[in-house]
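Peer 1: Pasting the sequence and the predicted coordinates here, then a few questions.
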Amino acid sequence: MRNYLKLIFLCALLSLPIRGWAGEILRLATTTSTYETGLLDRILPPFEQAHDCEVHVISVGTGKAMQIARNGDVDVILVHAREAEDAFVEAGYGVNRRDVMYNDFLLLGPVGDPAGVGGLNDAKLALKRIMAKGKLFVSRGDDSGTHQKERRLWKKAKREPTGAWYLEAGQGMSATLRMADEKNGYVMVDRATYLLNRDKIRLKPVVEGDPDLFNPYGIIPVSPYRYAHVKYELAMALVAWMTSPECQRLIAAYDWKGTPLFHPSAAGGNN
Amino acid sequence: MTAYHLEQVEGRWGDFVLRADELQIERGKVYAVTGPNGCGKTSLLQVLSLLDRPVDGRVRFGNEAVSYDDRGAWLGQRRRMAYLMQHPYLFNMDVRDNIAYGLRLRHAPAGEVRRRVQEVMERLALEPFARRNAHTLSGGETQRVALARTLVLAADVMLLDEFTAGIDQQYVEMVEAYVRELNDTRGTTVVFSTHSASQAERMADHSLTICDGLVRACDAGSRR
Amino acid sequence: MDYIWQGLRDSLRIIGSLEPEFLGTVAISLKVSFISTALATVLGVPFGMWIAEKRSPGARAIITILNTLMSLPTVVVGLMVYSFLSRRGPLGEWGLLYTQTAMVIGQFILAFPIVAGLSVSAVAGLDKRIRTTAVSLGADTTQSFRMYLREARYGVMAAVVAGFGRVFAEVGVSMMLGGNIRGYTRNITTAMALETSKGEFAFGIALGVVLLTVALAVNILFGLFRERSR
């Protein structure tokens, strides 16, 4: 009986700090490809200090990030799927979209390049060839920015990828990359994730430099007209910070073994 | 002085009926309840313990009528008795705590509890098990601990349902002697049920026999 | 094989040096699971003991349901609670999604059937003579009930420990409702999922060691309590 009361007491005691946090919380949904680079750990702390707040980062695919935002469960998103972003803003879910940075995608393939796509600088053509030869291709399959980009390339190539050679991972960027590496398949990956994992995988770049592989990132606050509860002002402050010359310099300086992972692209940024 | 006085009492347990037209139990005496298996010995003890309420008749304990509806008074009367049930259950705790349980219920001071538990354990040769968990004991040991748990209460009335059942022969004499001693020195009233005519003979001043559900008193006891 | 050894070595270093991130993750796991188990205990134990005493067909049906819910898939609970807590859901106003509170709610739902269901069997396994024995020795109603609770204690503790083991090791609810936010809702299991997807084994292994240790402790305690309750 005494133990029982003790349990109730402890439970009540420990419940307190759950809701007791004092500062403001800004919820940011972002893509796994950004999150896993660690860039946010570099650029968010100065913002948190300046605004006495805590940014809670939820790392999911771009599609999921937008869905969470559409439900009003986050205040701001940092994503990379330009067409979907415009549709998101148009539908009234987000306002004041701003460019933040960019890098590019590249196509990786196993050693020996069984589909013979190495050296091409046309991503569509490379995909067509992989499909024609039925070589293994691992897709994100999670409606992320990378997945959306990949699907648009298939569309441009006028192909519908189906079959045993086409695997949909349904996971984050690093996990998908790892799967492709384990299975010796082709995979599309953003440059930042590739650089971070370069030493851990055997896959090599086969196609890069195609303008179609351009990968811009944008930040969009959730519309306060749609959801009154969102922290719009704090979200706008984050937009202002991300596009500020100071933060843009931080982005430009963020590298992996000497190679920059992202290039700043905000208007007036240090580009 | 009477311990119990039962008048026109009728108790029912399903189809079974137990009647006592006129039964007087004297204070300070030892009574044996005898009769064949299933004749209602346990039922009589249940009535005397006040745990089972007769459907009819009057039960007096000491000078007062038993008040089953006044829980406080009923508890006070029950606490003047100590009842050893048939096939006793020991709590999942050590032997010492099992024996101390009834005293602690009555809020006896810790020192007194310790002293009395110690004494009864010595008398019933239970000291070797003092710290053992009661659920690890053998049948005979369990019975002795349950008996100790009842006797330690030093109640006015002891109701013992087959109190030597399962006890090893070597301890039966020790147990009987202790019960008798409590009767002699404290004037405790004892009502026990038994299968053994010789035990009734050895222990009891009076016998109560149950025949066809009817309780009868007869002065068959030969002690003293 | 090399990278496994490397991972093991690095994980030992992480455990040995008690890195703040490592300790923080473990602390979040312990805190959330402890609170959810405590809630499940406070509500589940009395409920289980109460329903176990009932003899009606309804009560038996509820016990069957409890036993079924013991193996409730975590992702189902995650989805269910998510849809309630999302701003679009009926409880959206509370703004609880992606908080520790949301994780506690999800884990509570996982733990409750286990704690309640095993409390039912803890009580069902008790000797029928407990309360009458207490009464025969002079206990009043409260005292005899207290003895009944005391006799059930080991079985109940086993139930609580089993509930804790379930929520401590689950990943679905924590990931879906907590959102794996670093330093806030990232617990041992979601951190391990993330680290593995990143190909970073050392941190994952270090956390795995903690998870295994706790699981071992839980199982030992569970066995001990089960043994004692006999």
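Peer 2: It's in.
Peer 1: When you work out contacts or count neighbours from here on, use the C-alpha atoms and nothing else.
Peer 2: Will do.
Peer 1: Write out the residues of the stretch 51-200 of chain A neighbouring chain C.
Peer 2: A:His56, A:Val57, A:Ile58, A:Ser59, A:Asn71, A:Gly72, A:Asp73, A:Gly172, A:Ser174, A:Ala175, A:Arg178, A:Lys200 (CA under 8 Å from any CA of the partner chain).
Peer 1: if we go to 6 Å?
Peer 2: A:His56, A:Val57, A:Ile58, A:Asn71, A:Gly72, A:Asp73, A:Ser174, A:Ala175 (CA under 6 Å from any CA of the partner chain).
Peer 1: can you put those residues in JSON lines and add secondary structure and distance to C:Asn180?
Peer 2: Output for these, formatted as JSON lines (DSSP: H, G, I helix; E, B strand; the rest coil; distance: CA to CA, whole Å):
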{"residue": "A:His56", "secondary structure": "strand", "distance to C:Asn180": "9"}
{"residue": "A:Val57", "secondary structure": "strand", "distance to C:Asn180": "8"}
{"residue": "A:Ile58", "secondary structure": "strand", "distance to C:Asn180": "7"}
{"residue": "A:Asn71", "secondary structure": "coil", "distance to C:Asn180": "18"}
{"residue": "A:Gly72", "secondary structure": "coil", "distance to C:Asn180": "18"}
{"residue": "A:Asp73", "secondary structure": "coil", "distance to C:Asn180": "14"}
{"residue": "A:Ser174", "secondary structure": "helix", "distance to C:Asn180": "16"}
{"residue": "A:Ala175", "secondary structure": "helix", "distance to C:Asn180": "16"}
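Peer 1: Quick check, pLDDT for the nearest residue to C:Thr196 once chain neighbours are set aside.
Peer 2: Spatial nearest neighbour of C:Thr196, chain neighbours left out: C:Gly204 (6.6 Å); criterion: CA to CA, 6 or more residues apart in numbering or on different chains. Listed pLDDT for C:Gly204 reads 89.
Peer 1: Now residue 182: which helix or strand?
Peer 2: You didn't say which chain, so I picked chain A. helix A:173-183 (DSSP states H and E).
Peer 1: should've been chain B
Peer 2: Going by DSSP H and E, B:Leu182 is part of helix B:169-186.
Peer 1: What average pLDDT does that helix get?
Peer 2: On average, helix B:169-186 scores 93.
Peer 1: On the C-terminal side of the longest helix along chain C, identify the next helix or strand.
Peer 2: Longest helix of chain C, by residue count under DSSP state H: helix C:20-53. Downstream of helix C:20-53, the first helix or strand assigned by DSSP H and E is helix C:57-69.
Peer 1: Which strands or helices does the helix or strand following that following helix pack on?
Peer 2: Sequence order places helix C:74-85 as the next helix or strand after helix C:57-69, per DSSP H and E. On a contact count with 3 or more CA pairs under 6 Å, 6 or more residues apart in numbering or on different chains; DSSP states H and E, helix C:74-85 meets helix C:172-173.
Peer 1: by contact count, what packs against the helix it packs on?
Peer 2: By 3+ CA pairs under 6 Å, 6+ apart, helix C:172-173 packs against helix C:74-85.
Peer 1: and the helix it packs on, which residues are buried?
Peer 2: Buried residues in helix C:74-85, defined by neighbour count with 16 or more other CA atoms under 10 Å in any protein chain shown: C:Thr74, C:Val75, C:Val77, C:Gly78, C:Leu79, C:Val81, C:Tyr82, C:Ser83, C:Leu85.
Peer 1: what do you get for stretch A:212-222?
Peer 2: A:Asp212, A:Leu213, A:Asn215, A:Pro216, A:Tyr217, A:Gly218, A:Ile219, A:Ile220, A:Pro221, A:Val222.
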